[in-house]
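**Student:** coordinates only, no sequence provided:
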């Protein structure tokens with residue numbers, strides 16, 4: 001006896017109503033598969049949009065402070081940078097990175113990251129406790145550390161606010 005072969009279920013059929021043929025769905029998985037897929041796609045798109053907006057708001061809020069000024073100097077006296085320059089002799093011994101922060105909404109912090117060439121040499125976290133705040137860090141310069149330096153000023157989230165380049169010369 002030959003096996004009985006069943007035709008697979010036809011998911012769509014052409015129905016003629018009047019003169020215009022139309023595609024009509026049979027009941028496949030309880031009907032409305034296209035409707036369910038469309039609703040899923042819309043929900044997924046809405047979720048992506050909400051996440052995108054959340055990331056944009058977080059990025060905007062992460063810049064919690066502005067840097068009014070950042071400079072390298074030989075000293076800081078009475079909360080002011082003294083002998084500011086972009087080039088210093090190696091005999092200077094010690095340098096300061098002075099930063100004036102404005103528009104801080106809440107107490108927060110910044111970080112000074114000192115680099116000799118591309119090598120991190122020091123990382124100093126500093127408090128920012130009011131809307132307008134002056135702060136500084138210092139670094140002892142070794143006799144062999146001649147060349148290009150820079151200090152990155154980072155916000156509390158670790159995002160770069162400003163980079164201050166300088167040279168140490170013979």
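**Tutor:** It's in. What you see is a predicted model, and the numbers here were worked out from it, not measured in a lab. Numbers count the residues shown, from 1 in each chain.

**Student:** strands paired with the biggest strand by length in the chain, and their directions?
**Tutor:** In the chain, assigned by DSSP state E, the strand with the most residues is strand 66-77. Sheet pairing for strand 66-77, assigned by DSSP bridges, gives strand 80-84 (antiparallel), strand 94-102 (antiparallel).

**Student:** pick the most deeply packed of those strands.
**Tutor:** strand 94-102 (a mean of 21; mean count of other C-beta atoms under 10 Å). Any C-beta I mention is one placed from the backbone N, CA and C, and that applies to glycine too.

**Student:** C-terminal to that strand, what's the next element?
**Tutor:** Once the chain leaves strand 94-102, the next helix or strand it forms, by DSSP states H and E, is strand 108-116.

**Student:** other residues contacting that following strand?
**Tutor:** 64-65, 97, 99, 101, 120-128, 135, 137, 139, 145, 147-156, 158, 161 (C-beta atoms under 8 Å, 6 or more residues apart in numbering).

**Student:** just the mean pLDDT for that strand, thanks.
**Tutor:** Averaging pLDDT along strand 108-116 yields 98.

**Student:** list the buried residues in the longest strand of the chain.
**Tutor:** 67, 70-73, 75-76 (16 or more other C-beta atoms under 10 Å).

**Student:** could you do stretch 112-132 as well?
**Tutor:** Within stretch 112-132, the residues that qualify as buried by neighbour count (16+ other C-beta under 10 Å) are 112-116, 121, 124, 126, 128.

**Student:** for the nearest residue to residue 130 once chain neighbours are set aside, phi and psi?
**Tutor:** Distances taken as C-beta to C-beta, 6 or more residues apart in numbering place residue 104 nearest to residue 130, at 6.7 Å, with adjacent residues excluded. The phi/psi pair for residue 104 (degrees, to the nearest 10) reads phi -80, psi 120.

**Student:** give me the number of residues near residue 104?
**Tutor:** By the criterion of other C-beta atoms under 10 Å, residue 104 has 20 neighbours.

**Student:** residue 147 and residue 135, how far apart?
**Tutor:** When C-beta to C-beta, to the nearest Å is applied, the distance between residue 147 and residue 135 equals 26 Å.

**Student:** between these two, tell me which one has more neighbours.
**Tutor:** The neighbour comparison of residue 147 against residue 135 (other C-beta under 10 Å) goes to residue 135, with 20 against 11.

**Student:** ok so the more buried one is a strand residue?
**Tutor:** Yes: per DSSP: H, G, I helix; E, B strand; the rest coil, residue 135 lies within a strand segment.

**Student:** contact partners for it?
**Tutor:** Shown in contact with residue 135 (C-beta under 8 Å, 6+ apart): 98-99, 101, 110, 126-128.
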